[in-house]
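**Student:** test case, fold it:
(one chain, ligands or ions: 2)
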Amino acid sequence: MPPVKYQRGDTVMGRWPGSSLYYEVTVLGFDTKSQLYTVIYKDGTELELKDQDIKSVAGFQTRSRSRSRSPGRRRSRSRSPARTTRRSSSRTAAAVAAAAITESAPSSRRDAKLKDVVEVTLSPLQTKPAENNSNNRHEKKEEKQKEENNTVNKVNEKAEAQAEDEPDKNQGRYNLRRRKDDGDAKPAETRPEQLVEKKGKMAAPSATILSTPLDFGGKIGAYFWLLFLPAWVLFLVLQVSQKDPSLANFPPPLPALEAYWDTQALGFVILWILFQALLYILPVGKLSEGMPLRSGQRLKYRTNGSFAIVVSAVAVAAAVHQGVDLTYIYSHFLQLATASFLISVLLSVYLYVRSRYAAPEELALGGNSGNVVYDFFKGHELNPRIKNFDLKFFFEMRPGLIGWCLINFAMALAEMKLQGLDAPSNSMILVNIFQLLYVVDGLWNEEAILTTMDLMHDGFGFMLAFGDLVWVPFTYTMQAYYLVTHPNPLSLPALIGIVILKLVGFYIFRKSNSEKNAFRRNPFDPKVSHLRTIPTATGKSLLVTGWWGVVRHPNYLGDLIMALAWSLPCGFSHLLPWYYMIYFIILLVHRDSRDMSECRRKYGSAWDEYCRTVRYRIIPRVY
Ligand SMILES: NC(=O)C1=CN([C@@H]2O[C@H](COP(=O)(O)OP(=O)(O)OC[C@H]3O[C@@H](n4cnc5c(N)ncnc54)[C@H](OP(=O)(O)O)[C@@H]3O)[C@@H](O)[C@H]2O)C=CC1
Ligand SMILES: CC(C)CCC[C@@H](C)[C@H]1CC=C2C3=C(CC[C@@]21C)[C@@]1(C)CC[C@H](O)C(C)(C)[C@@H]1CC3
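**Tutor:** Ligands and ions are numbered 1, 2, ... in the order given. Model prediction:
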């Protein structure tokens, strides 16, 4: 094995893909497996380069002073992938990297240019594992399509682009591998000392595993959240079960210890999860491909969520028909929550233990700090699987999500029973239908979850396990639970107004999520190919018109409008049914800033350009 020439933190000259230009870069790490250096350009763009595409700074500085080309000339040789419009061209990745220096010339500059061209053209295709061949073909096609898509959008640049097209078209052939763009976001502003270096158990001896900066208050924060989140759910469950759940009755009295436990409740939760697991593994429905991983691999997911919810609904209806009293869920809410919590803890422990044996490329960079508690909380392994059974996907989309609808339905039955009604109240019907629509839509468009942050970037640990099994089913049902004993009759105009609000929110949410998903899957898709984009150095582009040109997270806007429509049917007597709305604002604002810094790290100046073009984050002209 050749020695590792450059060390983490070294400043060297890295070739810009598809050109003979070299820029000053900092080495972030070396992957012994792929034999590639991860380097960061001055504008924050990260790429993976081969050893022969890196040169020491010393030789360059002397030569470049006498031989630097004019920017115009430089541009005609190489088009920065992070450039789309004339306006942006001066600021983008390569251009911003102040230290752009032309290729060193061993004897004469012409020879050097020639040498470069030959070097690049003859560079062999990067060979990938045989089992990925079809995927690779797909990826290449997709990349080509992306490139074409970008070219179509660059109206102002047509002439310039023509002259520059060749290097980009050939990019797939160069051995200058692009930094993969799935989950390997590393901090643009990261200086080597900020990077966490860790040797994975199964890693080759010198493999450097990078981790993104800590989130959620770091290591101390992880302790806090581990204690706070279960305590908060307990508080909500106890508070909502009070006759008067107002803040005047805070804190709710703690029940005796034995009141938390019911073995039958644990049995029901386990049965429910197993039932959902059975539906998930049935060879029914589509097999969808996830986004490319750091290893280049694309996982396959069984996206049969609609099938699962339909079968679940039939099973529940059959059970009710057979005389099963679903109001048990209402009367044993605390015990069911405790049982689910226990399962989420056991699941998280299992996930953490198995993650210790995972290969480095299987780890989530966000949960790879080296601190046991933080990594346990945030999720260490990106896509834990038992054979083809994807644990993160399954738990995020099935038992808790479908369980949420089951609990809401049980609350409607409990309302009828306790209030002596023949049918649920209007408010209860609205809450049930609205949230059912949300879940059914999520399952119907299950494939779209594969391009969300959780699936692409976040590891599977306590946060998501608890979120999926406890948080979603036992706190998202707060409105329905509240309505069981706190009726809130709605006037017809109020009802119509709330329905309209929900539909508006749903429209924005669905359209924007589908637009991004369609674009990420195939930028050449006629549904999205007319949209303008900003290319980035990773090969992915960013939408700047359509929904993603209105605000940076149009899907969050739609989701928040829907959340408002879920709380309104409960009226204004108490704060508790508004809990979801308040929590959701905090969650989405935090998620937005997490995503902002991830994208800044991934896309460098292309992201800045996007933010300059699309100025507001979630609410147009407000935030
Ligand atoms: N009910 C609930 O409890 C929750 C619901 N949600 C909902 O789930 C859905 C998914 O949300 P979430 O996973 O947070 O994030 P998004 O689906 O918004 O995904 C963000 C990613 O989209 C890509 N992206 C960002 N901007 C652009 C652009 N201009 N063009 C193309 N791609 C872009 C980036 O990934 P890349 O470039 O790498 O592809 C970015 O990391 C949302 O609708 C949200 O409201 C989320 C959390 C909780
Ligand atoms: C416990 C923590 C404080 C927070 C945990 C957050 C999780 C509960 C959420 C993170 C992202 C989620 C998504 C959905 C449910 C909530 C969690 C898991 C989602 C499946 C709901 C249905 C939607 O249609 C969706 C877009 C598929 C959602 C994806 C994100």
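
**Student:** got the residues of the chain near ligand 2?
**Tutor:** By the criterion of Cβ under 6 Å from any ligand atom, the positions of the chain lying close to ligand 2 are 229, 396, 401, 438, 441-442, 449, 452, 454, 463, 466-468, 471-472. From N, CA and C alone the C-beta is placed, and that goes for glycine too.

**Student:** of all these, which comes closest to ligand 1?
**Tutor:** T452 (3.1 Å; Cβ to the nearest ligand atom).

**Student:** burial count for A259?
**Tutor:** The criterion is other Cβ atoms under 10 Å. On that basis, A259 has 11 neighbouring residues.

**Student:** gap between the closest residue to it other than its chain neighbours and ligand 2?
**Tutor:** Leaving aside its chain neighbours, A259 sits nearest to L334 (6.8 Å; criterion: Cβ to Cβ, 6 or more residues apart in numbering). Plainly put, L334 is 18 Å away from ligand 2 if you go by Cβ to the nearest ligand atom, to the nearest Å.

**Student:** correct me if wrong: L334 contacts L236.
**Tutor:** No: using Cβ atoms under 8 Å as the test, L334 is too far from L236 to be in contact (10.8 Å).

**Student:** what parts of this structure come near ligand 1?
**Tutor:** Contacts of the chain with ligand 1, taken as Cβ under 6 Å from any ligand atom, map to 181, 451-454, 456, 509, 513, 516, 519-520, 540, 542-543, 548, 553, 555-556, 559, 587, 591, 595, 598-599, 610.

**Student:** which residue, other than its chain neighbours, is closest to the residue nearest the centre of the chain?
**Tutor:** In the chain, the residue lying closest to the centroid (Cα atoms, centre = their mean) is M453, at 0.7 Å. On the basis of Cβ to Cβ, 6+ apart, the spatially nearest residue to M453 that is not a chain neighbour turns out to be D595, at 6.1 Å.

**Student:** coming back round to it: dump the residue contacts of the residue nearest to the centre of the chain.
**Tutor:** Shown here is M453, whose contacts under the criterion Cβ atoms under 8 Å, 6 or more residues apart in numbering are R591, R594, D595, E598.

**Student:** can you tell me the SS state at the residue of the stretch 451-600 of the chain found nearest ligand 2?
**Tutor:** Per Cβ to the nearest ligand atom, the residue of the stretch 451-600 of the chain with the smallest distance to ligand 2 is G467, at 2.9 Å. Using DSSP: H, G, I helix; E, B strand; the rest coil as the criterion, the local structure at G467 reads helix.

**Student:** next up, the contacts around the residue nearest to G571 when sequence neighbours are not counted.
**Tutor:** In this structure, G571 finds its nearest non-sequential neighbour in N488, 3.9 Å apart by Cβ to Cβ, 6+ apart. Counting by Cβ under 8 Å, 6+ apart, N488 makes contact with S425, S427, P569, C570, G571, S573.

**Student:** so which elements touch the helix or strand containing the second one?
**Tutor:** Spelled out, it's S427. When secondary structure is defined using DSSP states H and E, the element that contains S427 is helix 426-444. Identification of packing neighbours for helix 426-444 by 3 or more Cβ pairs under 8 Å, 6 or more residues apart in numbering; DSSP states H and E yields helix 305-321, helix 399-419, helix 478-485, helix 492-521, helix 554-567.

**Student:** give me the secondary structure label for T538.
**Tutor:** Using three-state DSSP, the structure places T538 in coil.

**Student:** how close does it sit to E515?
**Tutor:** 20 Å (Cβ to Cβ, to the nearest Å).

**Student:** for W547, same thing?
**Tutor:** If you measure W547 against E515 using Cβ to Cβ, the figure is 5 Å.

**Student:** L492 now?
**Tutor:** Distance of L492 to E515, computed by Cβ to Cβ: 34 Å.

**Student:** where does the stretch 51-200 of the chain have low pLDDT?
**Tutor:** In the predicted model of the stretch 51-200 of the chain, residues 59-200 satisfy pLDDT under 70.

**Student:** do that again at 50, thanks
**Tutor:** Low-confidence segments of the stretch 51-200 of the chain (pLDDT under 50): 62-200.

**Student:** and for the chain?
**Tutor:** In the prediction, the chain carries residues with pLDDT under 50 at positions 62-209.

**Student:** strands of that one, start to end?
**Tutor:** Residue ranges of the strands in the chain, as given by DSSP state E, are 11-15, 22-31, 36-41, 46-50, 54-56, 286-289, 300-303, 385-386, 389-390, 533-535, 541-543.

**Student:** Y603 contacts P535, doesn't it?
**Tutor:** No: here Y603 lies out of contact with P535, judged by Cβ under 8 Å, at a distance of 9.6 Å.

**Student:** show me what residue of the stretch 201-350 of the chain gets nearest to ligand 1.
**Tutor:** When distances are taken as Cβ to the nearest ligand atom, the stretch 201-350 of the chain approaches ligand 1 most closely through M291, which lies 6.9 Å from it.

**Student:** show me what contacts that residue?
**Tutor:** Counted by Cβ under 8 Å, 6+ apart, M291 has contacts D182, R298, L450, T451, L455, M456, R520.

**Student:** next: H574.
**Tutor:** Contacts were defined as Cβ under 8 Å, 6+ apart; by that measure H574 touches P245, S246, Y482, H486.

**Student:** and the third one, how many neighbours does it have?
**Tutor:** So that's Y482. 27.

**Student:** for the first one, same thing?
**Tutor:** As a burial measure, P245 scores 24 neighbours (other Cβ under 10 Å).

**Student:** that one reaches Y482, doesn't it?
**Tutor:** Yes: in this structure P245 lies within contact range of Y482 using Cβ under 8 Å: 7.1 Å.

**Student:** now do the shared contacts for these two.
**Tutor:** Contact criterion Cβ under 8 Å, 6+ apart; residues bridging P245 and Y482 by contacting each: H574, L576.

**Student:** compare L492 and E515 (neighbour count), which wins?
**Tutor:** Neighbour count, other Cβ under 10 Å: between L492 and E515, E515 has more, with 20 against 8.

**Student:** for Y328, grab the count of nearby residues.
**Tutor:** Summarising burial for Y328: neighbours were counted as other Cβ under 10 Å, giving 18.

**Student:** now swap in the one 5 residues further on and tell me
**Tutor:** Taking other Cβ under 10 Å as the criterion, the count of residues near F333 is 23.

**Student:** and it, what is it in contact with?
**Tutor:** V237, S241, F474, Y481.

**Student:** kindly report the same for Y350.
**Tutor:** When contacts are counted by Cβ under 8 Å, 6+ apart, Y350 is found next to no other residue.
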